[in-house]
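Novice: Provide a 3D model corresponding to the input given below.
(chains A, B, C and D)
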Number of protein chains: 2
Amino acid sequence: MARKSVSQVLSALERVGGFASAQELYQSMQRGGGKIGLTTVYRSLQTLVEEETVDLLRREDGEAIYRLCGEAHHHHLICKKCGRTVEIEGGAIENWAKRIASVHGFRDVGHTAEIFGTCSRC
Amino acid sequence: MARKSVSQVLSALERVGGFASAQELYQSMQRGGGKIGLTTVYRSLQTLVEEETVDLLRREDGEAIYRLCGEAHHHHLICKKCGRTVEIEGGAIENWAKRIASVHGFRDVGHTAEIFGTCSRC
DNA sequence: AGTGGAAATGACAATCATTTTCATATTCGA
DNA sequence: TCGAATATGAAAATGATTGTCATTTCCACT
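Specialist: Residues are numbered from 1 along each chain as shown, chains lettered A, B, ... in the order given. Model (predicted):
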(Lines give C-alpha, C1' and ligand atoms only; values in the text may rest on other atoms or scores of the structure.)
Protein backbone atom coordinates (compact mmCIF):
# COMPACT_ATOMS: atom_id res chain seq x y z
CA MET A 1 0.00 0.00 0.00
CA ALA A 2 2.13 2.78 -1.17
CA ARG A 3 0.59 6.18 -0.78
CA LYS A 4 2.93 8.85 -2.01
CA SER A 5 4.23 6.86 -4.95
CA VAL A 6 0.72 5.88 -5.97
CA SER A 7 -0.36 9.48 -6.28
CA GLN A 8 2.86 10.36 -8.07
CA VAL A 9 2.14 7.70 -10.65
CA LEU A 10 -1.43 8.82 -10.88
CA SER A 11 -0.52 12.38 -11.70
CA ALA A 12 2.09 11.21 -14.17
CA LEU A 13 -0.68 9.30 -15.89
CA GLU A 14 -2.76 12.46 -15.97
CA ARG A 15 0.15 14.43 -17.37
CA VAL A 16 0.66 12.07 -20.31
CA GLY A 17 -3.01 12.11 -21.17
CA GLY A 18 -4.22 9.19 -19.10
CA PHE A 19 -2.82 6.52 -21.37
CA ALA A 20 0.62 4.92 -21.11
CA SER A 21 2.68 1.81 -20.40
CA ALA A 22 4.58 1.31 -17.17
CA GLN A 23 7.90 1.86 -18.89
CA GLU A 24 6.72 5.07 -20.50
CA LEU A 25 5.41 6.35 -17.22
CA TYR A 26 8.70 5.53 -15.54
CA GLN A 27 10.71 7.37 -18.17
CA SER A 28 8.36 10.29 -18.14
CA MET A 29 8.73 10.58 -14.37
CA GLN A 30 12.50 10.31 -14.61
CA ARG A 31 12.66 13.09 -17.14
CA GLY A 32 10.43 15.14 -14.89
CA GLY A 33 13.05 14.85 -12.16
CA GLY A 34 11.20 12.23 -10.15
CA LYS A 35 13.20 9.79 -8.10
CA ILE A 36 10.81 6.87 -8.22
CA GLY A 37 12.03 3.39 -9.12
CA LEU A 38 10.64 1.18 -11.85
CA THR A 39 9.62 -1.44 -9.34
CA THR A 40 7.53 1.09 -7.46
CA VAL A 41 5.89 2.27 -10.65
CA TYR A 42 4.77 -1.29 -11.29
CA ARG A 43 3.59 -1.74 -7.74
CA SER A 44 1.67 1.50 -7.77
CA LEU A 45 -0.01 0.67 -11.04
CA GLN A 46 -1.00 -2.67 -9.60
CA THR A 47 -2.57 -0.93 -6.65
CA LEU A 48 -4.40 1.50 -8.90
CA VAL A 49 -5.76 -1.33 -11.00
CA GLU A 50 -6.91 -3.20 -7.92
CA GLU A 51 -8.77 -0.22 -6.58
CA GLU A 52 -10.17 0.31 -10.07
CA THR A 53 -8.79 3.78 -10.52
CA VAL A 54 -7.13 2.77 -13.76
CA ASP A 55 -7.92 0.25 -16.47
CA LEU A 56 -5.41 -2.32 -17.63
CA LEU A 57 -5.38 -2.85 -21.39
CA ARG A 58 -2.94 -4.48 -23.78
CA ARG A 59 -1.15 -3.13 -26.77
CA GLU A 60 -0.98 -5.27 -29.83
CA ASP A 61 2.42 -6.65 -28.83
CA GLY A 62 1.13 -7.62 -25.41
CA GLU A 63 2.66 -4.78 -23.45
CA ALA A 64 0.40 -3.57 -20.66
CA ILE A 65 -0.99 -0.07 -20.94
CA TYR A 66 -2.80 1.76 -18.20
CA ARG A 67 -5.67 4.12 -18.70
CA LEU A 68 -7.38 6.42 -16.26
CA CYS A 69 -10.92 5.30 -15.71
CA GLY A 70 -13.50 7.87 -16.52
CA GLU A 71 -11.62 8.78 -19.62
CA ALA A 72 -14.23 8.62 -22.30
CA HIS A 73 -14.22 5.09 -23.62
CA HIS A 74 -13.70 5.12 -27.35
CA HIS A 75 -12.52 3.04 -30.27
CA HIS A 76 -10.24 3.64 -33.22
CA LEU A 77 -10.55 3.80 -36.96
CA ILE A 78 -7.10 3.13 -38.35
CA CYS A 79 -5.65 3.56 -41.82
CA LYS A 80 -3.73 0.46 -42.91
CA LYS A 81 -1.50 2.50 -45.19
CA CYS A 82 -0.53 5.63 -43.32
CA GLY A 83 -1.49 4.75 -39.79
CA ARG A 84 -3.74 7.74 -39.34
CA THR A 85 -6.26 7.09 -36.57
CA VAL A 86 -9.61 8.57 -35.81
CA GLU A 87 -11.28 8.23 -32.44
CA ILE A 88 -14.81 6.98 -32.53
CA GLU A 89 -17.71 7.25 -30.18
CA GLY A 90 -18.78 3.72 -29.41
CA GLY A 91 -22.27 3.85 -27.99
CA ALA A 92 -23.64 1.17 -30.27
CA ILE A 93 -20.80 -1.15 -29.45
CA GLU A 94 -21.17 -0.74 -25.73
CA ASN A 95 -24.74 -1.89 -25.91
CA TRP A 96 -23.93 -4.75 -28.22
CA ALA A 97 -21.18 -5.97 -25.89
CA LYS A 98 -23.39 -5.74 -22.83
CA ARG A 99 -26.23 -7.52 -24.51
CA ILE A 100 -24.14 -10.39 -25.86
CA ALA A 101 -22.36 -10.81 -22.54
CA SER A 102 -25.53 -11.02 -20.53
CA VAL A 103 -27.10 -13.46 -22.96
CA HIS A 104 -24.18 -15.81 -22.30
CA GLY A 105 -24.05 -15.18 -18.58
CA PHE A 106 -20.75 -13.30 -18.51
CA ARG A 107 -19.93 -10.78 -15.82
CA ASP A 108 -17.33 -7.99 -15.42
CA VAL A 109 -17.33 -7.40 -19.11
CA GLY A 110 -14.97 -5.32 -21.17
CA HIS A 111 -14.36 -5.22 -24.88
CA THR A 112 -12.08 -4.10 -27.65
CA ALA A 113 -13.03 -3.01 -31.12
CA GLU A 114 -11.11 -1.52 -33.97
CA ILE A 115 -11.91 -0.73 -37.55
CA PHE A 116 -9.17 -0.56 -40.11
CA GLY A 117 -9.18 0.33 -43.77
CA THR A 118 -7.72 2.75 -46.27
CA CYS A 119 -8.34 6.40 -45.61
CA SER A 120 -9.45 8.90 -48.24
CA ARG A 121 -5.96 10.41 -48.50
CA CYS A 122 -4.26 7.13 -49.34
CA MET B 1 7.81 -19.56 -46.26
CA ALA B 2 7.98 -22.77 -44.45
CA ARG B 3 5.77 -25.48 -45.74
CA LYS B 4 6.15 -28.67 -43.78
CA SER B 5 6.55 -27.03 -40.40
CA VAL B 6 3.61 -24.76 -41.06
CA SER B 7 1.30 -27.66 -41.66
CA GLN B 8 2.70 -29.52 -38.68
CA VAL B 9 1.91 -26.58 -36.46
CA LEU B 10 -1.48 -26.29 -38.04
CA SER B 11 -2.44 -29.86 -37.29
CA ALA B 12 -1.06 -29.54 -33.76
CA LEU B 13 -3.40 -26.61 -33.35
CA GLU B 14 -6.26 -28.74 -34.57
CA ARG B 15 -5.30 -31.52 -32.19
CA VAL B 16 -5.40 -29.29 -29.14
CA GLY B 17 -8.75 -27.86 -30.10
CA GLY B 18 -7.62 -24.90 -32.14
CA PHE B 19 -6.62 -22.80 -29.19
CA ALA B 20 -3.15 -22.60 -27.62
CA SER B 21 -0.05 -20.53 -26.96
CA ALA B 22 3.16 -21.03 -28.91
CA GLN B 23 4.83 -22.65 -25.93
CA GLU B 24 1.96 -25.03 -25.38
CA LEU B 25 1.96 -26.02 -29.00
CA TYR B 26 5.68 -26.63 -28.88
CA GLN B 27 5.39 -28.86 -25.83
CA SER B 28 2.45 -30.69 -27.28
CA MET B 29 4.40 -31.41 -30.44
CA GLN B 30 7.42 -32.53 -28.46
CA ARG B 31 5.34 -34.95 -26.45
CA GLY B 32 3.83 -36.21 -29.68
CA GLY B 33 7.31 -37.14 -30.84
CA GLY B 34 7.72 -34.17 -33.17
CA LYS B 35 11.19 -32.82 -33.81
CA ILE B 36 10.30 -29.22 -34.49
CA GLY B 37 12.14 -26.38 -32.77
CA LEU B 38 10.55 -23.62 -30.76
CA THR B 39 11.84 -20.98 -33.13
CA THR B 40 10.16 -22.69 -36.02
CA VAL B 41 6.90 -22.94 -34.13
CA TYR B 42 6.97 -19.19 -33.70
CA ARG B 43 7.83 -18.61 -37.34
CA SER B 44 5.11 -20.92 -38.55
CA LEU B 45 2.52 -19.28 -36.36
CA GLN B 46 3.61 -15.93 -37.72
CA THR B 47 3.10 -17.20 -41.23
CA LEU B 48 -0.30 -18.58 -40.37
CA VAL B 49 -1.37 -15.31 -38.84
CA GLU B 50 -0.15 -13.38 -41.87
CA GLU B 51 -2.12 -15.57 -44.24
CA GLU B 52 -5.09 -15.26 -41.89
CA THR B 53 -5.44 -18.94 -41.22
CA VAL B 54 -5.25 -18.39 -37.49
CA ASP B 55 -6.24 -15.55 -35.20
CA LEU B 56 -3.82 -13.97 -32.77
CA LEU B 57 -5.38 -13.16 -29.42
CA ARG B 58 -3.92 -12.30 -26.03
CA ARG B 59 -4.39 -13.93 -22.70
CA GLU B 60 -4.86 -11.68 -19.77
CA ASP B 61 -1.17 -11.79 -18.89
CA GLY B 62 -0.25 -10.71 -22.39
CA GLU B 63 0.85 -14.11 -23.66
CA ALA B 64 -0.11 -14.66 -27.27
CA ILE B 65 -2.60 -17.37 -28.04
CA TYR B 66 -3.39 -18.68 -31.48
CA ARG B 67 -6.74 -19.87 -32.63
CA LEU B 68 -7.98 -21.56 -35.75
CA CYS B 69 -10.57 -19.52 -37.47
CA GLY B 70 -13.22 -20.79 -39.82
CA GLU B 71 -14.17 -18.75 -42.86
CA ALA B 72 -17.32 -17.41 -41.29
CA HIS B 73 -16.52 -14.00 -39.93
CA HIS B 74 -17.35 -13.89 -36.28
CA HIS B 75 -16.28 -12.43 -32.99
CA HIS B 76 -15.38 -13.88 -29.66
CA LEU B 77 -16.64 -13.72 -26.13
CA ILE B 78 -13.76 -14.81 -23.96
CA CYS B 79 -13.61 -15.75 -20.31
CA LYS B 80 -10.75 -13.97 -18.55
CA LYS B 81 -10.41 -16.73 -15.99
CA CYS B 82 -10.69 -20.03 -17.82
CA GLY B 83 -10.20 -19.00 -21.43
CA ARG B 84 -13.49 -20.46 -22.57
CA THR B 85 -14.60 -18.76 -25.75
CA VAL B 86 -17.94 -18.37 -27.40
CA GLU B 87 -18.26 -17.44 -31.03
CA ILE B 88 -20.63 -14.64 -31.71
CA GLU B 89 -22.62 -13.61 -34.72
CA GLY B 90 -21.65 -10.06 -35.41
CA GLY B 91 -24.35 -8.57 -37.61
CA ALA B 92 -24.73 -5.45 -35.55
CA ILE B 93 -21.02 -4.85 -35.53
CA GLU B 94 -20.64 -5.29 -39.26
CA ASN B 95 -23.12 -2.53 -39.86
CA TRP B 96 -21.60 -0.30 -37.26
CA ALA B 97 -18.14 -0.73 -38.79
CA LYS B 98 -19.37 -0.06 -42.29
CA ARG B 99 -21.29 3.00 -41.25
CA ILE B 100 -18.44 4.54 -39.28
CA ALA B 101 -15.95 3.81 -42.04
CA SER B 102 -18.03 5.40 -44.75
CA VAL B 103 -18.70 8.47 -42.64
CA HIS B 104 -14.96 9.00 -42.45
CA GLY B 105 -14.27 8.11 -46.06
CA PHE B 106 -12.44 4.85 -45.42
CA ARG B 107 -12.37 2.01 -47.96
CA ASP B 108 -11.43 -1.68 -47.82
CA VAL B 109 -12.59 -1.90 -44.29
CA GLY B 110 -12.09 -4.69 -41.82
CA HIS B 111 -12.50 -4.77 -38.10
CA THR B 112 -11.80 -6.64 -34.91
CA ALA B 113 -14.01 -6.89 -31.87
CA GLU B 114 -13.78 -8.96 -28.76
CA ILE B 115 -15.72 -9.09 -25.57
CA PHE B 116 -14.12 -10.46 -22.45
CA GLY B 117 -15.45 -11.07 -18.98
CA THR B 118 -15.99 -13.77 -16.41
CA CYS B 119 -18.14 -16.67 -17.45
CA SER B 120 -20.90 -18.17 -15.35
CA ARG B 121 -18.79 -21.18 -14.39
CA CYS B 122 -15.92 -19.16 -12.97
C1' DA C 1 22.94 -38.60 -60.10
C1' DG C 2 25.47 -34.00 -59.26
C1' DT C 3 25.72 -29.27 -58.06
C1' DG C 4 24.88 -24.55 -56.64
C1' DG C 5 22.29 -21.50 -54.32
C1' DA C 6 18.13 -20.06 -52.00
C1' DA C 7 15.07 -21.04 -48.37
C1' DA C 8 14.14 -23.48 -44.03
C1' DT C 9 15.48 -25.12 -39.69
C1' DG C 10 16.93 -25.15 -34.88
C1' DA C 11 20.24 -24.40 -31.02
C1' DC C 12 21.54 -20.67 -28.69
C1' DA C 13 21.96 -15.94 -27.33
C1' DA C 14 19.73 -11.48 -26.96
C1' DT C 15 15.84 -8.51 -25.75
C1' DC C 16 12.29 -6.65 -23.21
C1' DA C 17 8.47 -6.27 -20.01
C1' DT C 18 7.39 -7.77 -15.68
C1' DT C 19 8.18 -10.02 -11.09
C1' DT C 20 11.04 -11.46 -7.14
C1' DT C 21 14.37 -10.86 -3.84
C1' DC C 22 16.44 -8.69 -0.35
C1' DA C 23 18.64 -5.09 2.04
C1' DT C 24 17.76 -0.46 3.39
C1' DA C 25 14.83 3.46 4.50
C1' DT C 26 10.63 5.40 6.16
C1' DT C 27 6.41 5.66 8.79
C1' DC C 28 3.55 5.39 12.72
C1' DG C 29 1.76 3.98 16.95
C1' DA C 30 2.92 2.94 21.81
C1' DT D 1 12.31 7.65 21.11
C1' DC D 2 11.95 2.57 20.04
C1' DG D 3 10.56 -0.94 17.22
C1' DA D 4 7.59 -3.34 14.23
C1' DA D 5 5.36 -3.03 10.04
C1' DT D 6 5.41 -1.31 5.66
C1' DA D 7 7.43 1.02 1.50
C1' DT D 8 11.19 1.54 -1.62
C1' DG D 9 14.47 0.46 -5.22
C1' DA D 10 18.69 -1.86 -7.19
C1' DA D 11 19.78 -5.82 -9.03
C1' DA D 12 18.81 -10.48 -10.33
C1' DA D 13 15.37 -13.78 -12.00
C1' DT D 14 11.75 -15.07 -15.07
C1' DG D 15 9.37 -16.01 -19.20
C1' DA D 16 7.77 -15.03 -23.74
C1' DT D 17 9.34 -13.65 -27.98
C1' DT D 18 12.84 -12.40 -31.50
C1' DG D 19 17.49 -12.31 -33.64
C1' DT D 20 21.70 -14.75 -35.20
C1' DC D 21 24.01 -17.87 -37.68
C1' DA D 22 25.79 -22.32 -38.92
C1' DT D 23 23.86 -26.33 -40.84
C1' DT D 24 20.47 -28.86 -43.54
C1' DT D 25 16.96 -29.50 -47.00
C1' DC D 26 14.88 -28.48 -51.33
C1' DC D 27 14.80 -27.56 -56.28
C1' DA D 28 16.01 -26.27 -60.85
C1' DC D 29 19.10 -27.16 -64.00
C1' DT D 30 22.88 -29.67 -65.76
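
Novice: DNA strand C contacts on chain A?
Specialist: A:S21, A:A22, A:Q23, A:L38, A:T39, A:Y42, A:Q46, A:E63, A:A64 (Cβ under 7 Å from any atom of the strand). Every C-beta, even on glycine, is put in place using the N, C-alpha and C of the backbone.

Novice: can you tell me which of these are in helices?
Specialist: Using DSSP state H, the subset of the residues of chain A next to DNA strand C located in helices is A:A22, A:Q23, A:L38, A:T39, A:Y42, A:Q46.

Novice: what sits against the first one?
Specialist: Listed by Cβ atoms under 8 Å, 6 or more residues apart in numbering or on different chains, the contact set of A:A22 reads A:L38, A:V41, A:Y42, A:L45, A:A64, A:Y66.

Novice: keep only these that also lie close to chain B.
Specialist: By Cβ under 8 Å from any Cβ of the partner chain, the members of the contacts of A:A22 lying near chain B are A:A64.

Novice: which of the contacts of A:A22 count as buried?
Specialist: A:V41, A:Y42, A:L45, A:A64, A:Y66 (16 or more other Cβ atoms under 10 Å in any protein chain shown).

Novice: please enumerate the strands of chain A.
Specialist: Secondary structure of chain A (DSSP state E): strands at A:19-21, A:54-58, A:64-68, A:74-79, A:85-89, A:107-118.

Novice: and the last one, which strands flank it?
Specialist: When sheet partners are counted by DSSP bridges, strand A:107-118 sits next to strand A:74-79 (parallel), strand B:107-118 (antiparallel).

Novice: what of the shortest one?
Specialist: Next to strand A:19-21 in the sheet, as set by DSSP bridges, lie strand A:64-68 (antiparallel).

Novice: need the residues of chain A near DNA strand D, please.
Specialist: Near DNA strand D, when you scan chain A using Cβ under 7 Å from any atom of the strand, you find A:1-6, A:35-40, A:43-44, A:61-62.

Novice: narrow those residues to just the buried residues.
Specialist: Buried among those by 16+ other Cβ under 10 Å: A:S5, A:V6, A:I36, A:T40, A:R43, A:S44.
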